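Engineer: Pasting the sequence and the predicted coordinates here, then a few questions.
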Amino acid sequence: MTSVFGRVRRTLSLRDRLFVGLAVVGLVAIGVAIIVTFTTRSYLVSQLDDRLDSYAGPAILEQQQIRPLFELDNEDGTRRTEAWRGWVDTDGVLHPVSSPTVEGATDANPVLTYDDLTESTTHLTTESSDGSGDFRVLVRPFGGGWDITALPLDDVDAATARLVIIEVVGIALMLGGLGIVAWWVNRLGIAPMRRMVSASSQVAQGDLDVRLETGAGSTETDELAHSLNTMIGTLTASLEERERSEARLREFVADASHELRTPLTTVLGYAELHRRGALAGSDAQDDAWGRTEAEAARMRRLVEDMLTLAKYDAEPHIEMRDVALQTLATEIVADATVAYPATEFTFGGGDATVSADGDRLRQALLNVVANAAVHGGPHVTVSVLAGPDGARLTVHDDGPGMAPEVAARATERFVRGDNSRQRATGGAGLGLAITAAIVDAHGGSLDVASAAGEGTTITISLPVAQGAES
């Protein structure tokens, strides 16, 4: 039985449980009203029985022996009484003796059957002779017959009827109030919950465009709907970001494969030529081994760059100390002048001291300067700017610049200014990616500003102070 009830309970929704609870409350209220009605009527009848006992007094035959039955208590010569008195002989014939003389009383008498007459004193309820109501009757055996005393139940019936009306009106008002409360709870609580369940089902099926309406109130359901909308929005953004990450990963794998395929093809090609004896003469062999060595070195640099990025993607270990940016910039400009004689390098001035890993920061700035020398114009300017929020290193070249969509992705891996992948245009497109990773590890940021025909400006922003070794 318990398991059946448990299964039924689990299949009921919150709304169904609410209305079942309302129905149970109504049934309990009706049951209580019925019990109160019968208890009250029983109490009133018990009081009427006590009155019957007081009205009965000596039996009718005994009264006739003591004094005349009809004592002139009223002005009209009748005795004042509410009770009906009579006598039933041994043949079961009812002999009326007196009727109620109070105002509004009738001449009806109780209807008795022979079965109602017992050998002991009995209280019972019978109909009236004219059908206008019921009597409460006291039957007492006496002198071979039965003494009868009766009182009408009109007052008891009227009181019971009034009580029933009060109970009906009270239960109706109570159920009406509970119904309004149930409607209010369903509208403000359960109905929004059902909409949330429906929205959750749609989200589970892959529909991330669903949203719940939120009102201006601050109820729990409204807050839950807002939280659910926020969760769906976050989930949507996460899925979109995952798709973008997967797309970038596929592009990264394709680019890495392409970058590695070219030197591998060269190395395998010369190895095949050597195996077949196609490299005749020392000059041809020296050229082949020189090209093979160059391609192997290129592969090593590419692998090292990717390992460097992998380290920064994990937990980079940087040693913080005070670094004078003016000294760092002038040293890099001097080194770049020697490494790239075709490009004119200028230090634009400025000085600032930041807390940074000097070697890592040197690598980052050198990548930017080398990138400007290879891809920019004939003039490159390095400047240092100090501000209240931090310091900035700027590298500007007067080269052809980049399209806005390319500049926006300049710090991504294997992204270069042209998509031809020709060796003449430079490396694999990892320099700025490594630089961005180093700057990010220092808590700074890297910005690329470029326009076609206006050159490119790369700004490295660093905070004034960095924490101790991390």
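Structural biologist: Cool, the structure landed.

Engineer: Give me the helix or strand of this protein that scores worst on average pLDDT.
Structural biologist: helix 60-66 (a mean of 49; mean pLDDT, DSSP states H and E).

Engineer: Contacts for the very next helix or strand once past it next, please.
Structural biologist: Counting by DSSP states H and E, the element after helix 60-66 in chain order, helix or strand, is strand 84-88. The contact list for strand 84-88, computed with CB atoms under 8 Å, 6 or more residues apart in numbering, reads 60-61, 94-100, 109-110, 112, 117, 135, 145-151. In this view, the C-beta of every residue, glycine as well, is placed from N, C-alpha and C.

Engineer: what about burial for these, which qualify?
Structural biologist: 60, 94, 97-100, 109-110, 112, 117, 135, 145-151 (16 or more other CB atoms under 10 Å).

Engineer: Please flag which of these sit within strands.
Structural biologist: Per DSSP state E, strands hold the following members of the buried ones among the contacts of strand 84-88: 94, 97-98, 135, 145-151.

Engineer: Nearest to Gly206, out of these: which one, please.
Structural biologist: Phe135 (80.1 Å; CB to CB).

Engineer: shouldn't the closest one be in contact with Pro110?
Structural biologist: Yes - applying CB atoms under 8 Å, one finds Phe135 in contact with Pro110, separated by 3.9 Å.

Engineer: Please identify every residue contacting each of those two.
Structural biologist: Counting by CB under 8 Å, 6+ apart, the shared contacts of Phe135 and Pro110 are 84, 126-128, 150.

Engineer: Show me which pair in the ones in strands among the buried ones among the contacts of strand 84-88 is furthest apart.
Structural biologist: Gly145 and Leu151 (20.4 Å).

Engineer: Export the one helix or strand Thr459 maps to to PDB, keeping only CA atoms.
Structural biologist: Assigned by DSSP H and E, Thr459 belongs to strand 456-463. The C-alpha trace of strand 456-463 is given here as PDB (Å, rounded to 0.1, in the frame of the first residue of the first chain):
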ATOM      1  CA  THR A 456      52.200  49.100 -37.600                       C
ATOM      2  CA  THR A 457      52.500  50.000 -34.000                       C
ATOM      3  CA  ILE A 458      52.900  47.300 -31.300                       C
ATOM      4  CA  THR A 459      52.500  48.400 -27.700                       C
ATOM      5  CA  ILE A 460      53.500  46.300 -24.700                       C
ATOM      6  CA  SER A 461      51.900  47.500 -21.500                       C
ATOM      7  CA  LEU A 462      53.300  46.400 -18.200                       C
ATOM      8  CA  PRO A 463      52.100  47.200 -14.600                       C
END
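
Engineer: Would you mind listing the buried residues in it?
Structural biologist: Here strand 456-463 shows 456-463 as buried, counting by 16+ other CB under 10 Å.

Engineer: Please enumerate the helices of the stretch 251-400 of the chain.
Structural biologist: For the stretch 251-400 of the chain, the helices defined by DSSP state H, counting those that start in this stretch occupy 282-313, 325-339, 358-375.

Engineer: Give me the helices and strands touching the strand holding Thr459, please.
Structural biologist: Judged by 3 or more CB pairs under 8 Å, 6 or more residues apart in numbering; DSSP states H and E, strand 456-463 is in contact with strand 353-356, helix 358-375, strand 390-397, helix 431-441, strand 445-450.

Engineer: partners of it, with directions?
Structural biologist: strand 390-397 (antiparallel), strand 445-450 (antiparallel) (DSSP bridges).

Engineer: Turn those strands into a markdown table, columns for mean neighbour count and distance to Asp359.
Structural biologist: Shown next, in a markdown table, are those (neighbours: other CB atoms under 10 Å; distance: least, CB to CB, whole Å):
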| stretch | mean neighbour count | distance to Asp359 |
| --- | --- | --- |
| strand 390-397 | 22 | 15 |
| strand 445-450 | 18 | 18 |
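
Engineer: Tell me which of those strands lies nearest to Val168.
Structural biologist: That would be strand 445-450 among the strands paired with strand 456-463, by CB to CB, at 77.7 Å.

Engineer: Now the closest one: average pLDDT?
Structural biologist: Averaging pLDDT along strand 445-450 gives 88.

Engineer: got it, and stretch 177-195?
Structural biologist: For stretch 177-195, the mean per-residue pLDDT is 76.

Engineer: And it, end to end?
Structural biologist: 26 Å (CA to CA, to the nearest Å).

Engineer: May I see the strands paired with strand 456-463 organised as TSV, with distance to Ser42 added?
Structural biologist: Formatted as TSV, these follow (distance: least, CB to CB, whole Å):
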stretch	distance to Ser42
strand 390-397	93
strand 445-450	90
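
Engineer: Compare those and give me the one nearest Val25.
Structural biologist: Taking CB to CB, strand 445-450 is the member of the strands paired with strand 456-463 nearest to Val25, at 64.9 Å.
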